[in-house]
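[1] just coords:
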């Protein structure tokens, strides 16, 4: 087990609504304790403990089952908030307000706080993290989203999660994952992506010996991009002092990123223009070197688990970051679960003198004289700051937080060029440990019959078993299975509550049948309990009731993702409508509205934990320059932002 610098000590399980003690107190953190230890005022703790104690009153028992997670109680908690008031718009109590505490928002907030800014994070829910959060059920601790943690090593410049934690004085224990993912593909193709690059290449070449040279060349291009990124101090590409400084220090590396054809020496502006039209997606690069259609389909699958689109629609910079970092720094799982990362960042934010306000449902961004100056909450409170950063999706930011009729032209162009990536159906299982073979890998990707089904709803399955790495996440003798498959919200609209629950049961059952047939015989009979949202209502929330002690799964649909994570249609970022023309076509952090910035998977470089962390670092740097915490050249700023805006109009 490696130790990375990120500071959690003697914690216990957080936000459980039972009085049961944590099984592994040395690996967990109590959010209430760390807030109280800072001697914070009532408004900083903002009634969180009250909300949880309020939620306890709504515990229901049915056949011995106790609902123990505040996931079921977000509206109850949100409706009872002890903090009133939001500051004076003329005094600007805060330098920045961040709407949403997803990974991108938290990284941006903590990076700003470290530079000396006073930041307020507004989080709709009662814990931080968004899709990198967690919830607990009957002794099982589930990651809400993916458990494949990139950027979490102890070397290089792309270990952005490690850097973000270290910046606020945090340390975390991690467990190295020896296999990033085990692919189970059509025609019996099985490929394990080993931590060691040479082992992975040997396995892939063993499956496709006639494509040895092409394999080496394609992944070689990935490494050139990764090495170029990894050699640079990563900050905002919209900040000219940094950008030009990096170019003069390392011109070849910068040109490598701008022009992924890897030319040696050319005039900078000429290369910028040329590179915009050159093929800069992973699919085109792969087709330069590889001819075997099955191997190209495998690379599509490689990119699909990175960006939910095939290789032809995945920017090469995204592919380069992820397909190489898994070997350079490796995949490292945080002890206690992925949710510990967000909790640590939130703790670090508070320690740096900034604040995070939970149960704070943002409904609007306040614009005065063309400038973003504040945020309005659903309960009527208003908070004001010098700058506003939205960690919501681009569709939620420009369409909900801001009225659609006020949408700037560049955002209209963005929504014409990109569509919402599909959401997911997610299934959480608690199973008996003996159903899994002893050498089972942590992560699996399953596409059984036809490559054409890769991007279809429910066509492919991603499976995570984090208890393979961290046994503390489940009661002894059990494992957690977290199953993802793409799904659109349209498939779940217009159903009655009864039909909606019946469909969840039916679709989840079919997915589990597929896993039982492909990987784990006897899987269904090994499930240790069953939980379905069927019966009672508290404050307009349907809560879970125990149906049987023999079979259990917790199913989340795109509607679940939309409701709890405030993501339009449950989407996880944008997909280009056609083959992307390059990284400059994607929106960065600045917007056409003065004082308003965006961060997260709707911004460059896109989806994934390492990508949104990169977005957070870039956003914090650009905002810090605009606030005076970093050097700034107004003339160069205007020129660079104008140039980038012009490139985007050409897409």
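    Yep, it's here. This structure is a prediction, so every number in the text was calculated from the model and none was measured. Residues are numbered from 1 along each chain as shown.
[2] how about the contacts made by residue 435?
    479, 520, 522, 523, 526 (CB atoms under 8 Å, 6 or more residues apart in numbering). Where C-beta positions appear, they are placed from N, C-alpha and C, glycine not excepted.
[3] the last one contacts residue 434, doesn't it?
    Yes. Taking contacts as CB atoms under 8 Å, residue 526 lies within contact range of residue 434: 7.4 Å.
[4] can you tell me the closest non-neighbouring residue to residue 608?
    Excluding its sequence neighbours, the residue lying closest to residue 608 (CB to CB, 6 or more residues apart in numbering) is residue 306, at 6.0 Å.
[5] I'd like to know how far that neighbour sits from residue 441.
    Look at residue 306 and residue 441: by CB to CB, to the nearest Å, they are 18 Å apart.
[6] out of those two, which sits in the busier spot?
    Under the neighbour definition other CB atoms under 10 Å, residue 306 and residue 441 were set side by side, and residue 306 has more, 23 against 18.
[7] my read: that one touches residue 324, true?
    No. Between residue 306 and residue 324 there is no contact, the gap being 11.6 Å when judged by CB under 8 Å.
[8] next, the contact list for residue 567, please.
    Per CB under 8 Å, 6+ apart, neighbours of residue 567: 392, 393, 396, 423, 561.
[9] again, only using 7 Å
    When contacts are counted by CB atoms under 7 Å, 6 or more residues apart in numbering, residue 567 touches 393, 396, 561.
[10] between residue 526 and residue 434, which one's more packed in?
    Taking neighbours as other CB under 10 Å, residue 526 and residue 434 compare with residue 526 leading, 22 against 12.
[11] quick one: the closest residue in space to the more buried one that isn't next to it in sequence and residue 223, what's the gap?
    For residue 526, ignoring the flanking residues on the chain, the nearest one in space by CB to CB, 6+ apart is residue 435 at 3.7 Å. Computed as CB to CB, the residue 435 to residue 223 distance reads 38 Å.
[12] picking that back up, among the contacts of residue 435, which ones are buried?
    Buried by 16 or more other CB atoms under 10 Å: 479, 520, 523, 526, out of the contacts of residue 435.
[13] save the residues you listed as CSV, and put in secondary structure, pLDDT and distance to residue 464 too.
    Converted to CSV, the buried ones among the contacts of residue 435 look like this (DSSP: H, G, I helix; E, B strand; the rest coil; pLDDT from 0 to 100; distance: CB to CB, whole Å):
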residue, secondary structure, pLDDT, distance to residue 464
479, strand, 95, 11
520, coil, 96, 14
523, helix, 94, 15
526, helix, 93, 17
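[14] between those residues, which sits nearest residue 292?
    Of all the buried ones among the contacts of residue 435, residue 520 has the smallest distance to residue 292: 30.4 Å, by CB to CB.
[15] now do the contacts for the closest one.
    By CB under 7 Å, 6+ apart, residue 520 lies in contact with 435, 436.
[16] how near is it to residue 435?
    5 Å.
[17] ok, residue 340 next?
    Residue 340 sits 27 Å away from residue 435, going by CB to CB.
[18] can you give me the strands in the stretch 451-600 of the chain?
    In the stretch 451-600 of the chain, the strands defined using DSSP state E, counting those that start in this stretch lie at 461-464, 478-487, 530-538, 541-548, 554-556, 574-576, 596-598.
[19] off-centre distance for the first one?
    Meaning strand 461-464. 16 Å (CA atoms, centre = their mean, to the nearest Å).
[20] coming back round to it: helix/strand/coil for the residue nearest to residue 608?
    helix (DSSP: H, G, I helix; E, B strand; the rest coil).
[21] which residues does it contact?
    Taking CB under 7 Å, 6+ apart as the criterion, residue 306 is in contact with 314, 318, 319, 322, 608.
[22] go again with 8 Å.
    Contacts of residue 306 by CB under 8 Å, 6+ apart are 314, 318, 319, 322, 323, 607, 608.
[23] if any of those residues are buried, give me the ChimeraX selection for them.
    Selection of buried members from those for ChimeraX, criterion 16+ other CB under 10 Å:
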select :314,318,319,322,323,607,608
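[24] narrow the contacts of residue 306 to those in helices?
    318, 319, 322, 323 (DSSP state H).
[25] before we move on, the earlier item: widest-spaced pair of the contacts of residue 306?
    Using CB to CB, the pair of the contacts of residue 306 lying farthest apart is 323 and 607, separated by 14.4 Å.
[26] got the phi/psi numbers for the closest residue to residue 487 other than its chain neighbours?
    Closest residue to residue 487 apart from its sequence neighbours, by CB to CB, 6+ apart: residue 425 at 4.1 Å. Dihedral angles of residue 425 (phi, psi; degrees, to the nearest 10) stand at phi -90, psi 130.
[27] contacts only, for residue 425.
    If you count contacts by CB under 8 Å, 6+ apart, then residue 425 has 458, 484, 485, 486, 487, 507, 508, 511, 555, 556, 557, 558 around it.
[28] in TSV: the residues you listed, plus pLDDT and neighbour count.
    TSV is the format used below for these (pLDDT from 0 to 100; neighbours: other CB atoms under 10 Å):
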residue	pLDDT	neighbour count
458	93	15
484	90	20
485	91	22
486	89	22
487	90	22
507	92	20
508	90	22
511	94	21
555	81	21
556	83	23
557	83	23
558	80	26
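[29] ok, these vs residue 352, which is closest?
    Lowest distance from residue 352 to the contacts of residue 425 (CB to CB) belongs to residue 556, with 33.2 Å.
[30] the closest one pairs with what?
    Applying DSSP bridges to residue 556 yields these beta-bridge partners: residue 426.
[31] and it, what is it in contact with?
    424, 425, 426, 427, 428.
[32] so how far is residue 135 from the residue nearest to residue 487?
    17 Å.
[33] and what of residue 105?
    19 Å.
[34] same check on residue 586?
    From residue 586 over to residue 135 (counting by CB to CB), the distance is 32 Å.
[35] what's the answer for residue 296, then?
    From residue 296 to residue 135 the distance is 39 Å (CB to CB).
[36] quick one: the biggest helix by length in the chain to strand 478-487, angle?
    When the chain is parsed with DSSP H, its longest helix is helix 497-518. Relative orientation of helix 497-518 and strand 478-487, computed by axes from the mean of the first three to the mean of the last three CA atoms, to 10 degrees: 110 degrees.
[37] elements contacting helix 497-518?
    Applying 3 or more CB pairs under 8 Å, 6 or more residues apart in numbering; DSSP states H and E, one finds that helix 497-518 contacts strand 423-432, strand 443-446, strand 461-464, strand 478-487, helix 523-526, strand 530-538, strand 554-556.
[38] tabulate the ones you listed (a markdown table), appending distance to residue 172.
    Below are these laid out as a markdown table (distance: least, CB to CB, whole Å):
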| stretch | distance to residue 172 |
| --- | --- |
| strand 423-432 | 23 |
| strand 443-446 | 20 |
| strand 461-464 | 19 |
| strand 478-487 | 19 |
| helix 523-526 | 31 |
| strand 530-538 | 30 |
| strand 554-556 | 26 |
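[39] among the ones you listed, which is nearest residue 288?
    Proximity to residue 288, assessed across these by CB to CB, is greatest for strand 443-446 (24.9 Å).
[40] strands of the stretch 201-350 of the chain, residue ranges please.
    Under DSSP E, counting those that start in this stretch, the stretch 201-350 of the chain gives strands at 332-334.
[41] low-confidence ranges in it?
    Residue ranges of the stretch 201-350 of the chain with pLDDT under 70: 240, 242-279.
[42] one more pass at 90, please.
    224-282, 284, 305-310, 313-322 (pLDDT under 90).
[43] list the contacts for residue 440?
    When contacts are counted by CB under 8 Å, 6+ apart, residue 440 is found next to 465, 468.
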